Each structure stands twice: as C-alpha cells, then as structure tokens.
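Colleague: Predicted structure and sequence below. I'll ask about it afterward.
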Amino acid sequence: MLSLNFEELNLNRCVLAGVKAAGYTKPTPIQAQAIPIALKGRDVLGLAQTGTGKTAGFMLPILQRLITGPRGPVRALIVAPTRELAEQIYQTAVDLGRNTKIRSVAIYGGVSKGPQVEALNRGAEIVVACPGRLLDHVNDGSIDLSRVEVLVLDEADTMCDMGFLPDIRRIIAHLPKKRQTLFFAATMPNEIRVLSKEILHDPTTVQIGVIAPAKTVSHTLFPVTDALKKRLLLDLLQQTATGRVMIFTRTKHRARRLAGDLENAKYRVAALQGNMTQNRRQQAINGFRGGKYDLLVATDVASRGIDVSDVSHVINFDMPNTVDAYIHRIGRTGRVEQSGEAFTFTVPEDEVLVRKIEAVLGARIERRRLPDFDYGSFTPDTQASRSHPTPEREAPRHRFGEQALKNAQRRRRPHARPVARSTQPRPDNQNNPQGPRGRRPRWRSPAPAANPAR
Ligand code: AMP
C-alpha cells in the first residue's frame, strides 16, 4: 500500500495534473492510506500531525468526487481552527484543483464579509472556513450548507483547545445527515474522541506512527531562569547553524517584545501573534516562508497549522502549557522527510511537564548547558529526571550545533550557518521566488495567482 504511486490511485487526469504541478511525486504515508479509503466514500479518522501531507490526503478525494456532479452549490466543507490554516488549505485546493474548474473560497474573520458573500454568490463548490465566520454567514443566510457531500474537520483537537466545539456542533446541525466525514487530529483528548464517535459513520482509522512528536526531530532542554532567557537565546542563535527558526512564547506580549529585541539585535525577524491584523499576520508568514525573515516569534494559537517547510529549529522560549501544545509546536520542524531540532528553555517549574513529554517520547530529553554562557548564580541542572524509566528509544545525543550542521548539509543548504545579522539593507526578495539566499520551497509550486474568489 505504501509504495503506491499517484497514477495508481485512478485519479481523474485533471486532478493528477494538479498533483504533478504541485511537484508531488509519491503519496506520503498518510496519503497512501487515506486517499484510497476516502475515494470509496468512507468516513476517515485520521490521526496525523501537521506536516505529514494530510491536506492533499483529503483534498484529492474531494476534487475527484466534485469533478463530476453539479457546479454551484457548496459540496465540500472544510473547517479549520485558524485563518492561516484555512488560507493554506484554500491554497492547496487552488493548487491541486487548478485544472478542474472547481471553485474554492476561504471564509474567515478579520477581513470583510462582502467579497466572501460575492464569491459564494458566484458559486463555490469547496468552502474552507473557520467556525465563527462560517456561522455568521449561516446566520446571515449567505451560505447554504444543505448540499454538502463531504465535511472535513481539520486539526479537530486544536479546535477543541480553542473552545470551538459548540460552534462545530452548530455547523454540523446545518449539514445533511448523509455525507462523508473526514476527521483529522494530531492528538485524541477525550472530548475529541466523543465528537468523532458522534459524527463518524463506521470510520476507517488511519494513523501515521504513534501520536508522538515526529521522529525526525531531536530534542534538547536548556535549563535557565526567566531573566536569562533572552541573553541565552541571543547566544544560542549566534552559536548554532540554523536555517529558518520558529521561536515560541507563552503570550502575545512576550512574542511582540522578543521580536522587537531580536530586531534590535539586527536579526531578520517577524512576530506572529493574535493581536496583529490578518493582513500583518499573513505578511509575517509570507515573509518567513519566502526568506525575508529568518526568525518567526509566535504564540501557539497564531501559529497552529502553519505550513512552512524547511524549519530547521523550533525554540521554545517558554515551555508550552500542555504536551499537545509541545507536539504541535515541534510539528513545525522535522516535516516530511526532513530533520529538525527542538530546543526548549526550561525553568524549574516546567519539570512536571518535561516528564510528561519524555513519557510520550519514550526517552529522556538531553539537558544542555550552553558553553561559555554566563549563568551568573544559577546552576543549570543537567542531571534532572535521571530517575526516569529506562527509555525505549535512545534520546538523540550530539555535540551542540553539530546535528544542525549535519541536517543543513543533508538538505544541501549552503546558507546554513549561524543566522546572519544584517548590518546593511537586504535585497528585497519579493520578485525573487528563491528568496535572497536562494531558498526554494521543497514541494510547493510557485505562488498561485491572486485569489480569484476575493
Ligand atoms: P500538510 O501536512 O498537509 O500541511 O503538508 C505538509 C507539506 O507537505 C506541504 O508543504 C505539502 O505541500 C507537502 N506535501 C504534501 N504531499 C506531498 C507529497 N506527496 N510529496 C511531497 N510533498 C508533499
């Protein structure tokens, strides 16, 4: 099953042309599992992290179904937790469906409703939506969901974390009972399990590995105090060979302030946090993706599901609140066929969560002291959790920075080196698809034409 080619999936040639244009040569494991089942019209419970290729895993069967049948009514509804994720899924629909004449529209808040209503009035067979704005349109009578044939809930666990479950249930009440449902989550907390039981009919479960962080990611903890974190980060960035780096903070305020501090230190950095307008958030993501920024400082909610390939390092400036959040964060690195590193700054109070993460990983995470860093009176405890049960899998151990360098070489990124600090203006890379350092997105086709639906 896993050695399937796209040609063997019997996709319509117009759909297959989209796959080719996107540059996909072989289905990823989740695609190889999910696509044949979804093509049969069956419900799917997909347990997969972001970065596994799950979007195409549900989009291709949707396009295949929609290529025949009526044009005009909303026939596939994809619900996602954040605007960024909705926008990405929408782009995937546009990319893969480019030869199908199937129309898609993205529906989310933070932008005006008018163009969304116009696009719906013109007719769109695929709607990718965030729950709140979708319900607004339902209540305004500007969208008719009575002819939906396929419902996708993407990152259902995130939607649950964000308190969207009541909205999801309200949306589902507007859908035909007879439909196909594809349900994706990276983790299965109890509420999600209950919801999946309620709405899936005789589903086939597809799962990529255990629900644990990607195995291509190596993890390191840096015990530190809160007051030393900023200096530690600056030293760490100086000493490490990195590509694109995502840095996570606990709050919007800390993200904004840290991005400002890094900018003052002459890093090419953008912040991504919930207080920013949708426009500015998108600019930050596009800039990070396109190579204009090397560092993205983000909060959990703002960064969920963002598809930026080739992130070499995730740095948890603040420990997340839950194991799930840790898994989501580090899902940004070590994506399809790549390896990455997760560095986490821990204060003593984080130890309980560290143990839980180690239990999920099945291995003790290495504690590191940054060489030559002035810890003052603080003595980092690099021995903590020694009493942890014997690991089933050995935690990756390496000399600091060495693995990053190897990863970089494996990815043939000649630019991989300590993040450059600019003292001079950088060339604007807006017109250079490879970005100023010759970065080329690995699997993404060139940016699609401007959104015709808005
Ligand atoms: P996703 O998990 O859907 O966010 O996808 C993660 C990344 O994998 C995206 O950049 C996709 O474009 C890319 N991708 C999806 N399917 C494939 C494939 N079959 N081969 C290579 N890359 C893929």
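Modeller: Here it is on my side, so go on.

Colleague: Can you tell me which residues in the stretch 1-150 of the chain are near the ligand?
Modeller: In this structure, the stretch 1-150 of the chain approaches the ligand at residues Tyr24, Lys26, Pro27, Thr28, Gln31, Thr50, Gly51, Thr52, Gly53, Lys54, Thr55, Ala56, judged by Cβ under 6 Å from any ligand atom. Glycine gets a C-beta too; all of them are placed from N, C-alpha and C.

Colleague: Nearest spatial neighbour of the second one, chain-adjacent residues omitted?
Modeller: Residue nearest to Lys26 in three dimensions, not counting chain neighbours: Asn5, with 6.4 Å by Cβ to Cβ, 6 or more residues apart in numbering.

Colleague: And for the last one?
Modeller: What sits nearest to Ala56 in space, not counting adjacent residues and going by Cβ to Cβ, 6+ apart, is Gln31, at 5.9 Å.

Colleague: ok, now which ones touch that neighbour?
Modeller: Going by Cβ atoms under 8 Å, 6 or more residues apart in numbering, Gln31 touches Gly53, Lys54, Ala56, Gly57, Leu60.

Colleague: Which two of those residues have the greatest separation?
Modeller: Within those, two members stand farthest from each other by Cβ to Cβ: Lys54 and Leu60, at 11.1 Å.

Colleague: Which one's more surrounded, those two?
Modeller: Leu60 (28 against 25; other Cβ atoms under 10 Å).

Colleague: can you pull the pLDDT of the more buried one?
Modeller: Model confidence at Leu60, given as pLDDT, is 98.

Colleague: Repeat that for Met162.
Modeller: At Met162, the model reports a pLDDT of 85.

Colleague: List phi and psi for it.
Modeller: Here is the backbone geometry of Met162 (degrees, to the nearest 10): phi -90, psi 0.

Colleague: right, and it touches Leu85 too?
Modeller: No. Counting by Cβ atoms under 8 Å, Met162 does not reach Leu85; the two are 11.3 Å apart.

Colleague: okay, these two: which has more neighbours?
Modeller: Under the criterion of other Cβ under 10 Å, the comparison of Met162 against Leu85 puts Leu85 first, with 24 against 17.

Colleague: that older thread, quick check: the residue nearest to Ala56 is in a strand.
Modeller: No. The secondary structure assignment for Gln31 gives helix rather than a strand, going by DSSP: H, G, I helix; E, B strand; the rest coil.

Colleague: what's the distance between the residue nearest to Lys26 and Ala173?
Modeller: Distance of Asn5 to Ala173, computed by Cβ to Cβ, to the nearest Å: 40 Å.

Colleague: Mind splitting this protein into its structural domains?
Modeller: Using automatic domain parsing, the domain parsing of the chain gives 6-207, 217-438.

Colleague: Go through those and find the least confident stretch.
Modeller: domain 217-438 (a mean of 74).

Colleague: And that domain, how far out from the chain middle?
Modeller: 15 Å (Cα atoms, centre = their mean, to the nearest Å).

Colleague: And the strands in the stretch 201-350 of the chain?
Modeller: For the stretch 201-350 of the chain, applying DSSP state E, counting those that start in this stretch gives strands covering 204-207, 217-223, 244-248, 269-272, 295-298, 311-316, 340-346.

Colleague: so which of those strands is the most packed in?
Modeller: Compared across those, strand 295-298 shows the largest average neighbour count, a mean of 28 (mean count of other Cβ atoms under 10 Å).

Colleague: Which other helices and strands does that strand contact?
Modeller: With contacts defined as 3 or more Cβ pairs under 8 Å, 6 or more residues apart in numbering; DSSP states H and E, the secondary structure elements packing on strand 295-298 are strand 244-248, helix 252-264, strand 269-272, helix 278-290.

Colleague: mind running it again at 6 Å?
Modeller: Other helices and strands packing on strand 295-298, by 3 or more Cβ pairs under 6 Å, 6 or more residues apart in numbering; DSSP states H and E, are strand 244-248, helix 252-264, strand 269-272.

Colleague: Can you redo these as CSV, where the extra columns are distance to the ligand?
Modeller: Converted to CSV, the helices and strands packed on strand 295-298 look like this (distance: least, Cβ to the nearest ligand atom, whole Å):
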stretch, distance to the ligand
strand 244-248, 13
helix 252-264, 22
strand 269-272, 17
